[in-house]
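In: below is the structure, and that's it, no one-letter string:
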């Protein structure tokens, strides 16, 4: 069975929606992440953290979790990596001495500008099969899923409290 026949079978299965979304996301991540990791020695969670800091100067690390759902320790490690490379800096909040706010340095802004320029080309490449109208429809539908209550919360997939293994 060819790769295309296998994909067709997966995309026609009862899990076709989840499998198609996973295939698109994982496929794009494989290309994009590999490029950014090789070019900038930066894992995906670091460049998405840098993106957040540039977009929202003064954002707190715990607020980034709402933008890019990842474990808090992953975001904290990304912020530490970016700070060690001089791409962001932490400043103590003027209103709460316990709170640290994140700001991009000029070097961080320059690095992100380069990543964004390449990512814009990648975005165009990825969505090339779609017309402008199809892109907008795709965006509207995907945004509806992204802002719905079912993306990050589940009643179906509760962690197992006890798993047994039978020999």
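Out: Cool, the structure landed. What you see is a predicted model; the values in this text were computed from it and never measured.

In: CA atoms for contacts and neighbours, from now on please.
Out: OK.

In: hey, where'd the strands end up in this protein?
Out: Here the chain has its strands, by DSSP state E, at 88-92, 100-104.

In: tell me the most buried of the ones you listed?
Out: Of those, the one with the most neighbours on average (mean count of other Cα atoms under 10 Å) is strand 100-104, at a mean of 22.

In: can you tell me how far the residue sitting nearest the centre point of the chain is from residue 96?
Out: For the chain, the residue nearest the mean C-alpha position is residue 68 (5.3 Å; Cα atoms, centre = their mean). As for residue 68, its distance to residue 96 is 25 Å (criterion: Cα to Cα, to the nearest Å).

In: re the thing from before, which one is the residue nearest to the centre of the chain nearest to, not counting chain neighbours?
Out: Distances taken as Cα to Cα, 6 or more residues apart in numbering put residue 48 closest to residue 68, at 7.3 Å, once the chain neighbours are dropped.

In: again, but for residue 52
Out: Closest residue to residue 52 apart from its sequence neighbours, by Cα to Cα, 6+ apart: residue 64 at 6.6 Å.

In: so that neighbour makes contact with residue 54?
Out: No: the pair residue 64 / residue 54 is not scored as a contact, 11.7 Å apart, by Cα atoms under 8 Å.

In: how many neighbours does residue 94 have?
Out: Look at residue 94: counted by other Cα atoms under 10 Å, it has 10 neighbours.

In: pLDDT score for it?
Out: The per-residue pLDDT reported for residue 94 equals 81.

In: how close does it get to residue 128?
Out: Separation of residue 94 from residue 128 (Cα to Cα): 46 Å.

In: same thing with residue 139?
Out: Applying Cα to Cα, the value for residue 139 to residue 128 is 14 Å.

In: now the lengthiest helix in the chain: mean pLDDT?
Out: The longest helix of the chain (DSSP state H) is helix 16-40. Regarding helix 16-40, the rounded mean pLDDT is 92.

In: now do the contacts for the residue lying closest to residue 99 once chain neighbours are set aside.
Out: Using Cα to Cα, 6+ apart and skipping residues adjacent in sequence, the residue nearest residue 99 is residue 93, 5.4 Å away. Counting by Cα atoms under 8 Å, 6 or more residues apart in numbering, residue 93 touches 99-101.
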